[in-house]
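Colleague: what's the 3D shape of this:
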Amino acid sequence: MMIFTKSAQNLLGKGQFLGAVYFRQALANYSVSSPPNYEMIKVEKTGENGRVGLITLNRPKALNALCNQLMDELADSLQKMDKDQSLGAIIVTGSEKAFAAGADIKEMAPKGFAHVFGTGFLENWSQVSKLRKPVIAAVNGHALGGGCELAMMCDIIYAGEKAMFGQPEIKIGTIPGAGGTQRLTRVVGKSLAMRMCLTGDPIDAKTALQAGLVAGVFPPDQLVAETIKLADKIASHSQLLVGMAKQAVNRAYESTLEEGLLFERRMFHTTFATNDRKEGMTAFMDKRQPKWQHS
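Modeller: So this is what the prediction gives:
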């Protein structure tokens, strides 16, 4: 650890160094094997050796509408999984009928400007996108409004063939407030994002795949299994290096090309201060599977 720290600090500035080693700092003794008694989500471990965390939104009567309690439970479970050193990836899914049909309008409707502005309404949703571990959304059915925004906060989206993605807020007298105008535009481009936000009309899974919003489309009954396969493959790699790769990819959306290339190169250099870089290359030359130390 001392060798890693000194070498990385020489390569990166203080802020970037902290980002490069953030995953090491996240490793904790918490386990989700005995999770709290959530009311609106289900939590379990799956994949090989239980190295994938699976969270299922479970508010079927409201089509998984994202009320405050559900989002609080989701945030709590995600934070705990992010600290669980036995997990290498996390999946968020819903039912075959709906991933999440949007925010809870009945809960939202009575609120006024002073309340939503003063309390920073929806600000806590962004915590989903700040997790250290990779998060995959498995979307069946409706992913509308906040549901679409929640999916886009994840690192990868897999969709069922009948999935629908949309930002229909304009139809109820408001606009997206949790990334719908920003993340959507960065992914699908201005023209399609404008059409979706200004008309409120959704797109199907095929269009979402063509536009780059989703990374794969599968039959609804196979979606979760296929997502677990993907998550399990990611979890088979070094948690430290997966975290560094995730941070580098995300930096592409937050910097110029020149700044991004510099950050990537410095992160690449930093991998040479890790045990897992040495093990990965040694295993390749020895023609064997690497034994990751996540360090």
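Colleague: For this protein, which segments count as strands?
Modeller: 41-46, 52-57, 89-93, 98-100, 135-139, 142-144, 156-160, 164-166, 203-204, 216-218 (DSSP state E).
Colleague: orientation of the third one relative to strand 135-139 in degrees?
Modeller: I take that to be strand 89-93. 30 degrees (axes from the mean of the first three to the mean of the last three CA atoms, to 10 degrees).
Colleague: what angle sits between strand 89-93 and strand 52-57?
Modeller: 20 degrees.
Colleague: now for strand 89-93, which elements pack on it?
Modeller: strand 52-57, helix 68-83, strand 135-139, helix 223-235 (3 or more CB pairs under 8 Å, 6 or more residues apart in numbering; DSSP states H and E). All C-beta atoms are positioned from the backbone trio N, CA, C, and that covers glycine.
Colleague: Quick check: mean pLDDT of that strand?
Modeller: Across strand 89-93, pLDDT averages out at 98.
Colleague: now, of the helices and strands packed on strand 89-93, which is deepest in the fold?
Modeller: Most buried of those, by mean neighbour count (mean count of other CB atoms under 10 Å): strand 135-139, with a mean of 27.
Colleague: What lies in contact with it?
Modeller: By CB atoms under 8 Å, 6 or more residues apart in numbering, the residues outside strand 135-139 that reach it are 78, 89-94, 99, 128, 143, 150-151, 153-160, 163, 165, 214, 223-224, 227, 230-231.
Colleague: what do you get for stretch 163-170?
Modeller: By CB under 8 Å, 6+ apart, the list of residues contacting stretch 163-170 reads 99, 102, 139-145, 148-149, 151, 159, 175-177, 180-181, 184, 196-205, 208, 213-214, 217.
Colleague: now the residues you listed: which count as buried?
Modeller: The neighbour count (16 or more other CB atoms under 10 Å) marks 99, 102, 139-145, 148-149, 151, 159, 176-177, 180-181, 184, 196-197, 200, 202-203, 205, 208, 213-214, 217 as buried among these.
Colleague: Not counting sequence-adjacent ones, nearest residue to K246?
Modeller: Nearest in space to K246, with sequence neighbours left out and distances taken as CB to CB, 6 or more residues apart in numbering, is P134 at 5.6 Å.
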